[in-house]
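**Student:** Sequence and predicted model, in that order:
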Amino acid sequence: MKDSIGTEKEEKDALKPNKSIRKKRRNKKKNVAPDLNVSNAVMNIMEAFAWKLFHSICDEAAALARRKNKKTLQDMEMEAATRLVLSRNRAQRAIDKAQAAVATYFERGNIAGRAPDCDS
């Protein structure tokens with residue numbers, strides 16, 4: 001079945017992290033919790049969950065923008081979509097964290113298409 005995003009196989013492939021992402025994720029986990037052992041299967045489940053949640057919020061935000069006849073997603077659509085997909089407490093925490101991340105991004109001087117430093 002073909003939908004607006006692509007075929008089901010393309011969607012499943014998009015949810016699978018590539019080798020470099022898996023390696024970075026594994027190294028990051030070792031830095032955060034070196035004594036915790038997590039199997040690849042569990043890591044893949046967590047990754048798929050995060051991607052599915054991300055896609056749900058993005059789909060909802062796109063639908064909201066379409067209903068308002070807007071061509072560009074703005075923060076209002078993303079916040080509303082987050083509130084619709086997540087429960088009240090989780091949505092508010094996610095929005096607060098996102099606002100803090102954006103503030104930090106601009107405080108570091110990352111403007112006009114310059115990529116942020118990914119070392120931290």
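**Tutor:** Received it, and whenever you're ready, just let me know what you need.
**Student:** which residues of this structure fall in helices?
**Tutor:** 8-15, 19-32, 40-67, 75-85, 88-107 (DSSP state H).
**Student:** highest average neighbour count across those helices?
**Tutor:** Relative to the other members of the helices of the chain, helix 75-85 carries the highest mean neighbour count by mean count of other CB atoms under 10 Å, namely a mean of 17. Heads up, the C-betas are built off the backbone N, CA and C, glycines and all.
**Student:** ok, and what's touching it?
**Tutor:** Helix 75-85 is contacted from outside by 53, 56-58, 60-61, 64-65, 68, 70, 91, 94-95, 98, using CB atoms under 8 Å, 6 or more residues apart in numbering.
**Student:** Closest to residue 23 out of the residues you listed?
**Tutor:** Using CB to CB, the shortest approach to residue 23 within the contacts of helix 75-85 belongs to residue 53, at 22.9 Å.
**Student:** how near is that closest one to residue 72?
**Tutor:** According to CB to CB, to the nearest Å, residue 53 stands 23 Å off from residue 72.
**Student:** same thing with residue 89?
**Tutor:** Using CB to CB, one gets 29 Å for the distance from residue 89 to residue 72.
**Student:** Check residue 101 too.
**Tutor:** On the measure of CB to CB, residue 101 and residue 72 end up 20 Å apart.
**Student:** Next: residue 60.
**Tutor:** According to CB to CB, residue 60 stands 16 Å off from residue 72.
**Student:** quick one: contacts for residue 70?
**Tutor:** Applying CB under 8 Å, 6+ apart, the residues near residue 70 are residue 77.
**Student:** so what's the backbone phi/psi at it?
**Tutor:** Per-residue torsions, residue 70: phi -100, psi 150 (degrees, to the nearest 10).
**Student:** and if you look at residue 87?
**Tutor:** Residue 87 adopts backbone torsions of phi -70, psi 170, taken as degrees, to the nearest 10.
**Student:** Next, work out how far apart the residue lying farthest from the centre of the chain and residue 61 are.
**Tutor:** Computed with CA atoms, centre = their mean, the residue of the chain farthest from its C-alpha average is residue 35, at 26.5 Å. Taking CB to CB as the criterion, residue 35 is separated from residue 61 by 38 Å.
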